[in-house]
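K.L.:
pasting the sequence and the predicted coordinates here, then a few questions.
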Amino acid sequence: MPVYETAAGTIRRGAAGSGADTADTRPDTARGASSAEDAVLRIGGTEPESIVDGPGFRYVVFVQGCDFRCPGCHNRRLQSFEGGRPAAVRELLGEIRENPLLDGITLSGGDPFTQAEACAVLAEEVRALGLSVVTFTGYLWEDLCAAAGFGGGAAGGGSAAAGWRRLVEATDILVDGPFIQALRNIDLRFRGSSNQRLVDVRRSLAGGKAVTLAF
Ligand code: SF4
């Protein structure tokens, strides 16, 4: 069975629902969020206007916490689940609404799938504004889909799997896979190593396999 080896331990394929190998390390603020009124994220910060975190002009949310601990990670301060600060989704939405130049938001980190439910709430509200959502993750597209029950497979139980499914569905472009130092390439756009893919989520869900975008 494919596994992810992280500094925090072994995460098996489908870990969001299995619960057998993965402790729920998400911060309290990320659990149980269901609406923009009560959802709270733990974030390391924001970048109100970026042109390097996805196509167009984007508001970037750096989610706090990541299990992968990739050697060479350029956001090491965002790996800890203890750092950062709480940020209400409604406050982030207020800032996003104030900027008419934005093409969308980018959920970066850290790993947004460690706080999937609250990230999904934000992403859904942003898409309702007509903006796009780019989400970075250390997980592979195929493993997220298996864990969330896309493609005919049975989703794992529990709120984590439901949150993963909701965040996948609220994402337009998923940048997947861990950063691999040996594959680092500074000429790539929007990602650091050549193993990472820009997955077109709508077309991938419709076709049942990853459809990647060339940037
Ligand atoms: S997945 Fe991203 S944030 Fe997490 S350790 Fe790897 S490079 Fe850093």
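P.N.:
Everything's here; your move. Residues are numbered from 1 along each chain as shown.
K.L.:
contacts and neighbour counts: CA atoms only from here.
P.N.:
Will do.
K.L.:
so which bits of stretch 87-99 are buried?
P.N.:
Residues of stretch 87-99 classed as buried: Ala87, Ala88, Val89, Arg90, Leu92, Leu93, Ile96 (neighbour count, 16 or more other Cα atoms under 10 Å).
K.L.:
what about the fifth one, distance to Phe150?
P.N.:
It stands for Leu92. Relative to Phe150, Leu92 is positioned 29 Å away (Cα to Cα, to the nearest Å).
K.L.:
hey, where'd the helices end up in the chain?
P.N.:
Ranges of helices in the chain, per DSSP state H, are 15-18, 89-97, 116-128, 141-148, 158-169, 201-207.
K.L.:
to Phe81, which of these lies closest?
P.N.:
Closest of the helices of the chain to Phe81 is helix 116-128, at 14.0 Å (criterion: Cα to Cα).
K.L.:
sorry, back to before: can I get the buried residues of stretch 87-99 in TSV including pLDDT?
P.N.:
Converted to TSV, those look like this (pLDDT from 0 to 100):
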residue	pLDDT
Ala87	97
Ala88	97
Val89	97
Arg90	97
Leu92	98
Leu93	98
Ile96	98
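K.L.:
what is the mean pLDDT for the longest strand seen in the chain?
P.N.:
What stands out as the longest strand in the chain, according to DSSP state E, is strand 40-50. For strand 40-50, the mean per-residue pLDDT is 97.
K.L.:
name the residues of it that come out as buried.
P.N.:
For strand 40-50, the neighbour count (16+ other Cα under 10 Å) marks Val40, Leu41, Arg42, Ile43, Gly44, Gly45, Thr46, Pro48, Glu49, Ser50 as buried.
K.L.:
elements contacting that strand?
P.N.:
Strand 40-50 sits against strand 58-63, strand 85-88, helix 89-97, helix 116-128, with contacts defined as 3 or more Cα pairs under 8 Å, 6 or more residues apart in numbering; DSSP states H and E.
K.L.:
tell me the residues of the chain that contact the ligand?
P.N.:
Neighbours of the ligand within the chain, by Cα under 6 Å from any ligand atom: 66, 68-70, 73, 75-76, 109-111, 137-138, 178-179.
K.L.:
farthest pair within those residues?
P.N.:
Using Cα to Cα, the residues of the chain next to the ligand span at most 14.5 Å, a distance reached by Arg76 and Thr137.
K.L.:
neighbour count for these two, which is higher?
P.N.:
Thr137 (24 against 15; other Cα atoms under 10 Å).
K.L.:
show me what contacts the more buried one?
P.N.:
Shown in contact with Thr137 (Cα atoms under 8 Å, 6 or more residues apart in numbering): Ser108, Asp111, Pro112, Phe113, Leu174, Val175, Asp176, Gly177, Pro178.
K.L.:
tell me how far the first one lies from Ala116.
P.N.:
So the one you mean is Ser108. Distance from Ser108 to Ala116, counting by Cα to Cα: 12 Å.
K.L.:
cool, Asp103 as well?
P.N.:
22 Å.
K.L.:
Arg166 is in contact with Phe113, correct?
P.N.:
No - Phe113 is beyond contact range of Arg166, at 10.3 Å (criterion: Cα atoms under 8 Å).
K.L.:
between these two, which one's more packed in?
P.N.:
Taking other Cα under 10 Å, Phe113 and Arg166 do not tie; Phe113 has more neighbours (31 against 20).
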